[in-house]
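K.L.:
Pasting a predicted model and its sequence here:
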Amino acid sequence: MKDGVNGVALGVFVFFFLAVTVMGFLASKWRKAENENSLDEWGLGGRSFGTWVTWFLLGGDLYTAYTFVAVPAAIYAAGAAGFFAVPYTILVYPLIFTFLPRLWSVSHKHGYVTTSDFVRGRFGSKGLSLAVAVTGILATMPYIALQLVGIQAVLDVMGVGGGENTHWFIKDLPLLIAFGVLAAYTYSSGLRAPALIAFVKDTLIYLVIAVAIIYIPIKLGGFDEIFAKAGEAYATVNPATDKPRGALVPGEAGQWTYATLALGSALALFMYPHSITATLSSKSREVIRRNTTILPLYSLMLGLLALLGFMAIAAGVKVANGQLAIPQLFENMFPDWFAGVAFAAIGIGALVPAAIMSIAAANLFTRNIYKDFLKKDATPEQETKVSKLVSLLVKVGALAFVLTMDKTVAINFQLLGGIWILQTFPALVGGLFTRWFHRWALLAGWAVGMVYGTAAAYGVASPTQKHFGGSSAEIPGIGEIGYIGLTAFVLNVVVTVVLTFVLKAVKAPEGVDETSPSDYTADAGDAGVRTELPKVGAGTH
């Protein structure tokens, strides 16, 4: 690790940060609408983005600074088990090809801004809608915090903020400045800001990965040498666990964990509010279909990115916090000026998803808590104002989380968020294809999945944490170690199906479905497409 501040890298980082800041504020004039005081405009960019803007926006949304830092960090810490992120991002695209166009169509037809809007309209249940909204907000908060962790990791490696004995305000001032800028241009420009900045972010990331995957192996003696050194390092016994550090190939005992984590993560990815927000911003269902075919390019990038974990081991990178491994690798291996470019890619890679996530969480609160329960006659202008304010509060909460808690806690709560958000799958995806599920059964299934998932995660310990130390535990009835979220999801579905049979048998009221079959295949040019939410109770059963 280099002593002091890396001035050249910091200068390059600041240059790109200032550039995207200017872009963020100018975005408010990009495709400017006649009426900006609506969530369609501020929170969804006017539902006007084409294929390439949507591709960059979704890529910037899904492949975050946390991805850039944490995926190779997992490889660095434990070996090939960290590659689970690659198969799950491959599995997810055929999956979303089946249901995202349907969600876009019905949302465009009825003016839905959030997944909870759809759930309320489909099942006629504000209670179920509230459950989905609260789950989305809870799952998003630690995800935003991790983006700030990514920025902080880069700042630490560049030597910005002083040492451990530095006053907390001085130490965290650079992060506070980055947060303030992010909050300001998100408030001003809404979803248009991250959409515009995503072009810079993704270009930088592709550039850095392309250079790293060629340049670093040349300096380290080739991939044979990299894998040999990594294999030796993984064979070393960890004194804390009395087990080998990891493995180049997952052992038989870890295969259930690997497979269930990949499948569960694939099912959960597009349940997150920020994924849906970026999706609904596109101008047609065909844009969504095209994106599901070209987004796998990011999976290729992710596979190459994961290899950096092996390179960090071969390069002799030693860090107490694994999240610093890749930023430290860049500083050690790259010339200072290009290290600055790499750090800028990570930093901007945090700003884009953090902005989208805060907007998505704010939209959920505004539409499905504020409007549904607090002020039912809220005007579009009032909705937009509340959403802007809540987006600020969400970011403040994430910042407080980062500044007051250990970074490992932030990561583990994000893993818990993944378990939670997966429990909204039956209501959202199930509702897109069938009205058979009963609204009360879906709510009960959600509750069972949430309680089991949280309790099981609470019981997982790690060398550094007594509770919430991971997301894998023994699968009841099977005895293998698997992803808690997927086990909770299976319980959720079983409870939902069984209770649906029971509730239908006793003829429990099912609520009003305000959608019709044709809504799920409608496109932007179809007659009768609305941009305002209909009154509850309209439509067919």
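P.N.:
Structure's in. What do you need? Please read all numbers here as calculations on a predicted model, not as lab measurements. Numbers count the residues shown, from 1 in each chain.
K.L.:
average pLDDT across the longest helix along the chain?
P.N.:
In the chain, with assignment by DSSP state H, the single longest helix is helix 126-157. Average pLDDT, helix 126-157: 89.
K.L.:
need the contact list for the spatially closest residue to Thr89 that is not a sequence neighbour.
P.N.:
Nearest residue to Thr89 in three dimensions, chain neighbours excluded: Ser299, at 4.4 Å (C-beta to C-beta, 6 or more residues apart in numbering). Bear in mind the C-beta positions are built from the backbone N, C-alpha and C, glycine included. For Ser299, the contact set (C-beta atoms under 8 Å, 6 or more residues apart in numbering) comprises 86, 89-90, 93.
K.L.:
Give me the pLDDT for Val192.
P.N.:
Actually, residue 192 is Arg. It isn't Val. 88.
K.L.:
So it versus Gly445, what's the distance?
P.N.:
37 Å (C-beta to C-beta, to the nearest Å).
K.L.:
can you check Phe365 too?
P.N.:
According to C-beta to C-beta, Phe365 stands 24 Å off from Gly445.
K.L.:
Compare these two and say which one has the larger neighbour count.
P.N.:
Gly445 (28 against 23; other C-beta atoms under 10 Å).
K.L.:
which residues touch the more buried one?
P.N.:
423, 426, 491-496, 499.
K.L.:
got a list of what the nearest residue to it once chain neighbours are set aside touches?
P.N.:
Distances taken as C-beta to C-beta, 6+ apart put Thr496 closest to Gly445, at 3.4 Å, once the chain neighbours are dropped. Taking C-beta under 8 Å, 6+ apart, we find Thr496 in contact with 426, 430, 437, 441-442, 444-445.
K.L.:
Can you report how many residues neighbour the nearest residue to Tyr272 once chain neighbours are set aside?
P.N.:
Closest residue to Tyr272 apart from its sequence neighbours, by C-beta to C-beta, 6+ apart: Ile421 at 5.7 Å. Using other C-beta under 10 Å, Ile421 is surrounded by 25 other residues.
K.L.:
How much space separates the residue most central in space within the chain from Leu148?
P.N.:
Residue closest to the average C-alpha location in the chain (C-alpha atoms, centre = their mean): Leu62, at 5.5 Å. Distance of Leu62 to Leu148, given as C-beta to C-beta: 18 Å.
K.L.:
try Ile216
P.N.:
27 Å.
K.L.:
With neighbour numbers in mind, choose between those two.
P.N.:
Counted by other C-beta under 10 Å, Ile216 and Leu148 do not tie: Leu148 has more neighbours, with 26 against 21.
K.L.:
Ignoring the adjacent residues along the chain, who's closest to that one?
P.N.:
Going by C-beta to C-beta, 6+ apart, Leu148 has Val402 as its nearest residue, at 4.6 Å.
K.L.:
Let me know the angle separating the helix or strand hosting that neighbour from helix 126-157.
P.N.:
Assessed by DSSP states H and E, Val402 sits inside helix 380-404. Per axes from the mean of the first three to the mean of the last three C-alpha atoms, to 10 degrees, the angle that helix 380-404 makes with helix 126-157 is 50 degrees.
K.L.:
counting contacts, what elements does helix 380-404 pack onto?
P.N.:
In terms of contacts (3 or more C-beta pairs under 8 Å, 6 or more residues apart in numbering; DSSP states H and E), helix 380-404 is packed against helix 39-42, helix 126-157, helix 168-189, helix 336-365.
K.L.:
by how many degrees do the helix or strand that that helix is followed by and helix 380-404 diverge?
P.N.:
Remark: after helix 380-404, the chain's next helix or strand is helix 407-422, criterion DSSP H and E. Per the same axes, to 10 degrees, the angle that helix 407-422 makes with helix 380-404 is 140 degrees.
K.L.:
Which strands or helices does the helix or strand of the chain with the lowest mean pLDDT pack on?
P.N.:
None of the helices or strands of the chain scores lower by mean pLDDT, DSSP states H and E than strand 237-238, at a mean of 76. Here strand 237-238 touches strand 243-244, going by 3+ C-beta pairs under 8 Å, 6+ apart.
K.L.:
if we can go back for a sec, filter the contacts of Thr496 down to the buried ones.
P.N.:
426, 430, 437, 441-442, 444-445 (16 or more other C-beta atoms under 10 Å).
K.L.:
between the residues you listed, which is closest to Ile75?
P.N.:
Nearest to Ile75 among the buried ones among the contacts of Thr496, counting by C-beta to C-beta, is Pro426 at 33.0 Å.
K.L.:
What residues does that closest one make contact with?
P.N.:
So Pro426 contacts 437, 442, 445-446, 492-493, 496 (C-beta under 8 Å, 6+ apart).
K.L.:
One more pass at 10 Å, please.
P.N.:
437, 441-442, 445-446, 449, 489, 492-493, 495-497 (C-beta atoms under 10 Å, 6 or more residues apart in numbering).
K.L.:
Show me the shaky parts of this structure.
P.N.:
By pLDDT under 70, the low-scoring segments of the chain are 1-3, 31-36, 161-171, 240-241, 406-408, 463, 525-541.
K.L.:
which residues in it form strands?
P.N.:
Secondary structure of the chain (DSSP state E): strands at 237-238, 243-244, 472-474, 481-483.
K.L.:
Can you say which of these is packed in most?
P.N.:
Mean neighbours per residue, mean count of other C-beta atoms under 10 Å, is largest over the strands of the chain for strand 481-483, with a mean of 23.
K.L.:
That one - contacts with which helices or strands?
P.N.:
Other helices and strands packing on strand 481-483, by 3 or more C-beta pairs under 10 Å, 6 or more residues apart in numbering; DSSP states H and E, are helix 255-269, helix 407-422, strand 472-474.
K.L.:
can you list those in a markdown table and add distance to Phe118?
P.N.:
As requested, those are exported to a markdown table (distance: least, C-beta to C-beta, whole Å):
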| stretch | distance to Phe118 |
| --- | --- |
| helix 255-269 | 17 |
| helix 407-422 | 15 |
| strand 472-474 | 31 |
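K.L.:
Which among the ones you listed is found nearest to Thr292?
P.N.:
helix 255-269 (12.3 Å).
K.L.:
what's the angle from that closest one to helix 407-422?
P.N.:
Going by the same axes, to 10 degrees, helix 255-269 makes 70 degrees with helix 407-422.
K.L.:
Buried residues, helix 255-269. List them.
P.N.:
256-269.
K.L.:
Looks like Ala59 contacts Ser275 (just checking).
P.N.:
Actually, residue 59 is Gly rather than Ala. No: using C-beta atoms under 10 Å, Gly59 is not in contact with Ser275; the gap is 11.4 Å.
K.L.:
any idea how far the nearest residue to Gly121 once chain neighbours are set aside is from Arg122?
P.N.:
Nearest non-adjacent residue to Gly121, counting by C-beta to C-beta, 6+ apart: Glu514, 4.6 Å away. Applying C-beta to C-beta, the value for Glu514 to Arg122 is 8 Å.
K.L.:
More neighbours: which of the two?
P.N.:
Using other C-beta under 10 Å as the criterion, Glu514 and Arg122 rank with Arg122 on top: 29 against 22.
K.L.:
Hmm, Gly431 and the more buried one touching each other?
P.N.:
Yes: between Arg122 and Gly431 there is a contact under C-beta under 10 Å: 4.4 Å.
K.L.:
Mutual contacts of these two, please.
P.N.:
106, 128, 437, 439, 513, 515.
K.L.:
What about the closest residue to the first one other than its chain neighbours, how many residues nearby?
P.N.:
Nearest non-adjacent residue to Val106, counting by C-beta to C-beta, 6+ apart: Asp519, 4.6 Å away. The criterion is other C-beta under 10 Å. On that basis, Asp519 has 22 neighbouring residues.
K.L.:
For the remainder of this discussion, apply numbering that starts at 54.
P.N.:
All set: I'll call the first residue 54, so the last point we hit is now Asp572.
K.L.:
Test my guess that Asp572 contacts Arg338.
P.N.:
No: Asp572 is beyond contact range of Arg338, at 11.6 Å (criterion: C-beta under 10 Å).
K.L.:
shared neighbours, these two?
P.N.:
Joint contacts of Asp572 and Arg338 (C-beta under 10 Å, 6+ apart) are 155, 158, 161.
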